[in-house]
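In: What shape does this take:
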Amino acid sequence: MQQWLQKHHLRWKIGLVIMFGLLFMTNHAFAEQPNDVKTIPNWEMKWGGPDDTIQNIIASSLEDRWMTIESGAKMPDKPEEVTTAWVRIKLPEQLTKDYGMYIDEIYAQQLSVYIGDRLLHEVKFDFPTDRQRSLFPLSAEDAGGIVYLKLQTSMDRLGVQSDIQLDHYSNLTRTYIFRDLQNIILGFAFIFIAVIMLICSFCLKKIGRATWISLSLIILSLGTIFLTYSPFLYANFTRFGDVFLDIFDISLAVLLPSLMYFFEKIFDNGKFKWIRILRKFQIGYSVISIIFMLINQLNNYNFIQTYFFFSVTVLGAIMIFQFIIIIGLSIVFVIRGNKEAVIFSSGFAIFALMGMFDLILYYANNQKYQFFLWKFGVVGFIIALIVILGRRFAINQEQMANYSKELEFYNHQLQLSEKMEMISSLAASVAHEVRNPLQVTRGFLQLVAARTDDKNKEYMTIAIEELDRASVIITDFLTFAKPQLDEIVELNVSKEINQIEGIIMPLATLNGGRITVNVPADLHINGNSSKLKQVLINLIKNSIEAFQVDGQINIWAYEKDNEVFIHIKDNGEGIEPMQLTKLGEPYYSTKTKGTGLGLMVTFRLIEIMKGHIEFKSQRYLGTEVIIRFPIVTVT
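Out: The predicted structure follows:
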């Protein structure tokens, strides 16, 4: 799954580039409005009754009830008992062919458009939404005429909020379509990404599936909110308007707890119980809101005011409270140095601040403001989440690689431990029994050799040497099986190395090499003198046996990080990288006649002296052994 995600991560980036390219083009297209767009400078409006007809309005002589509304001015507040309003628009004296009128924001549940007394266009919402936009054609014969708009609603807003534009019908059609194209592109893009992520969640392990699904639900709910927020859908698919409203409310109810859960899993992970309590409260509130929505719809929206209070006013306050909490905690995690918190905070700060500004403006304008800034916040937030997702992929991949290496290492150590335990048990039970017969056999061979001829004596000598070699192997077995230090004292590293220098130097000279020693006199460790000498002799002998032409062994030591480092480096034939990992294992040796027990004993002795050994080697360039022991401070 991780490999698939890495493989397709670049495609996701390309898809995002294409998506934002399309958004840029729609912005560009919408910004390039034709220069000959005409705006009606003013129009007239009056309150009416639900039984008013176009004929009554035209025939009425009560001109004093018409209010003149200037373009760009604030829409008059609707009286509480009024449900109907009339708008009267005077057309220019000259209109060219294929003209049209476009009104971007009309607040009404039912809109009827008349030219004179002729009904031209009618839209009716049987659901609690009052935001419409209207586009209808005009002909040259309509020049100088009057357009009447009959607006009816059961909600709090009524009237025309935007400019009234006149232009060629084709140009206005482009404006009408591009007006909501951003929302539609973003909505479908986010929904597509979320669906793919939800499908991929079945391939994830259980430990990370919940966080992945919560992120998918965030993107899915934001996508559906973008899509169902667009007036384009309600104006062109009126019969599905109640479904769009329900989807919008459900998406909002899913978004908030999903966002809280995602934040909790990424950064909190159960540290703050009150965050979990808040998330559970949000889930319960969302469930109650959805149930209330269904009850309200089944009762023909008879409880719309109460539902509006809980689903908009109260929920808006909860959203502000949640945003403040998440922003505050994000700042705390940023201060603690969490890099993902920095990314999350940057994206979420844009989203939350834009959303808070929208909510503040909404309540400051008596709930008549249309949310707009939050779209840019959502885009910034989604980008931040995708960046975090990509970072998590990289981190998880690195962790998997590290876990694989650690697993391989621990598996190797387990196998080695099992081998050591087996050999230790074997050595403890067998070594003593084998050594006695060997000594007896060696004694009799010496006696026989003293009484035989020279030819047979040579054979006897070879047999005695092999028995001695077997005795050395048994000694190594016993040392490995019972490596306890008989006496632990403070050792001067320089003194111990100087003592074995006289023993090992002749062997190096005999093999055509030399040894240089550079060890300070003030390095002290705790250990057993004979065992430390055995370790050093074993390692130096291995270096001597690896000599090539002009062999050289360098021995030096120093103090670093409260440890004593002893280096033994030769210029011998070196060891292959695959062989380095097997050094110290039973029965493994790079020598032709080696058993591996000597180095195995060396590892065991260093271990019981609380030391650590490391090998570095390159083929035909030499090998370096690094031994570390805890330092002892001399008082």
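In: Going along the chain from the lowest-mean-pLDDT helix or strand in the chain, find the next helix or strand for me.
Out: One helix or strand of the chain scores below all others by mean pLDDT, DSSP states H and E: helix 2-31, with a mean of 44. Using DSSP states H and E, the helix or strand that follows helix 2-31 towards the C-terminus is strand 38-39.
In: and that following strand, what does it pack onto?
Out: For strand 38-39, the packing partners by 3 or more Cβ pairs under 8 Å, 6 or more residues apart in numbering; DSSP states H and E come out as strand 164-168. For every residue, glycine as well, the C-beta is placed using N, CA and C.
In: Contact partners for Trp47?
Out: Trp47 makes contact with Arg65, Lys78, Pro79, Val82, Thr84, Ala85, Trp86, according to Cβ atoms under 8 Å, 6 or more residues apart in numbering.
In: and the nearest residue to the fourth one once chain neighbours are set aside, bridged to which residues?
Out: With sequence-adjacent residues excluded and distances taken as Cβ to Cβ, 6 or more residues apart in numbering, Val82 is closest to Trp47, at 4.8 Å. With DSSP bridges applied, the residues forming beta bridges to Trp47 are Ala85.
In: Which helix or strand contains Met400?
Out: When elements are assigned from DSSP H and E, Met400 belongs to helix 374-450.
In: State the mean pLDDT of that helix.
Out: Mean pLDDT, taken over the full extent of helix 374-450, equals 72.
In: Kindly indicate whether the closest residue in space to Ile106 that isn't next to it in sequence is helix, strand or coil.
Out: Using Cβ to Cβ, 6+ apart and skipping the chain neighbours, the partner closest in space to Ile106 is Gln132 (4.5 Å). State at Gln132, reduced to three classes by DSSP: H, G, I helix; E, B strand; the rest coil: strand.
In: What's the local residue count around Gln132?
Out: The local packing count at Gln132 equals 21, with neighbours defined by other Cβ atoms under 10 Å.
In: now Ile275
Out: When neighbours are counted by other Cβ under 10 Å, Ile275 registers 19.
In: Give me the next element, helix or strand, following the helix or strand that contains it.
Out: With elements delineated by DSSP H and E, Ile275 resides in helix 273-298, which encompasses its position. Under the assignment DSSP H and E, the closest C-terminal helix or strand after helix 273-298 is helix 304-308.
In: So which elements touch that following helix?
Out: With contacts defined as 3+ Cβ pairs under 8 Å, 6+ apart, the secondary structure elements packing on helix 304-308 are helix 273-298.
In: Buried residues, the helix it packs on. List them.
Out: 275, 278-279, 282-283, 285-286, 289-290, 292-293, 296-297 (16 or more other Cβ atoms under 10 Å).
In: which one of these is nearest Arg118?
Out: Comparing those against Arg118 with Cβ to Cβ places Gln297 closest, at 35.8 Å.
In: so how far is Ile250 from the closest one?
Out: Remark: distance between Gln297 and Ile250 (Cβ to Cβ, to the nearest Å) = 12 Å.
In: With Phe409 instead?
Out: As defined by Cβ to Cβ, Phe409 lies at a distance of 50 Å from Ile250.
In: Kindly report the same for Phe310.
Out: Using Cβ to Cβ, Phe310 is found at 15 Å from Ile250.
In: between those two, which one's more packed in?
Out: Neighbours per residue (other Cβ under 10 Å) separate Phe310 from Ile250, with Ile250 holding more: 18 against 15.
In: What pLDDT does the model give that one?
Out: pLDDT, the model's per-residue confidence, is 90 for Ile250.
In: secondary structure element for it?
Out: When secondary structure is defined by DSSP H and E, Ile250 falls within helix 241-263.
In: by how many degrees do that helix and helix 273-298 diverge?
Out: The directions of helix 241-263 and helix 273-298 differ by 170 degrees, with axes from the mean of the first three to the mean of the last three Cα atoms, to 10 degrees as the criterion.
In: got the CA positions of helix 241-263 in CSV?
Out: Extracted in CSV, the C-alpha atoms of helix 241-263 (Å, rounded to 0.1, in the frame of the first residue of the first chain):
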residue,chain,number,x,y,z
GLY,A,241,-33.3,21.3,-3.8
ASP,A,242,-34.4,19.7,-0.5
VAL,A,243,-31.9,16.8,-1.2
PHE,A,244,-29.1,19.3,-1.7
LEU,A,245,-30.0,21.1,1.5
ASP,A,246,-30.0,17.8,3.5
ILE,A,247,-26.6,16.8,2.0
PHE,A,248,-25.2,20.2,3.0
ASP,A,249,-26.4,19.9,6.6
ILE,A,250,-25.2,16.3,6.9
SER,A,251,-21.8,17.2,5.4
LEU,A,252,-21.4,20.0,8.0
ALA,A,253,-22.4,17.6,10.8
VAL,A,254,-19.8,15.1,9.6
LEU,A,255,-17.0,17.7,9.1
LEU,A,256,-16.7,19.0,12.6
PRO,A,257,-16.3,15.7,14.6
SER,A,258,-14.1,14.3,11.7
LEU,A,259,-11.8,17.4,11.9
MET,A,260,-11.6,17.1,15.7
TYR,A,261,-10.8,13.3,15.5
PHE,A,262,-8.1,13.9,12.9
PHE,A,263,-6.5,16.6,15.0
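In: Buried residues in it, which are they?
Out: 241-242, 244-263.
In: Equivalent analysis for stretch 77-95, please.
Out: Residues Lys78, Thr83, Thr84, Ala85, Trp86, Val87, Arg88, Ile89, Leu91, Leu95 are the ones in stretch 77-95 that count as buried (16+ other Cβ under 10 Å).
In: now stretch 116-134
Out: In stretch 116-134, residues buried by neighbour count (16+ other Cβ under 10 Å) are Leu120, Val123, Phe125, Phe127, Pro128, Thr129, Asp130, Arg131, Gln132, Arg133, Ser134.
In: residues making contact with stretch 65-74?
Out: Contacts to stretch 65-74, defined as Cβ under 8 Å, 6+ apart, come from residues 39-47, 75-76, 88, 159-160, 163-164.
In: Now with 10 Å, please.
Out: For stretch 65-74, the external contacting residues (Cβ atoms under 10 Å, 6 or more residues apart in numbering) are 39-48, 57, 60, 75-76, 85-88, 159-165, 365, 368.
In: What residues sit buried inside it?
Out: When neighbours are counted by 16+ other Cβ under 10 Å, the buried residues of stretch 65-74 are found to be Trp66, Ile69.
In: Quick check: end-to-end length of it?
Out: Start and end residues of stretch 65-74 are separated by 18 Å (Cα to Cα, to the nearest Å).
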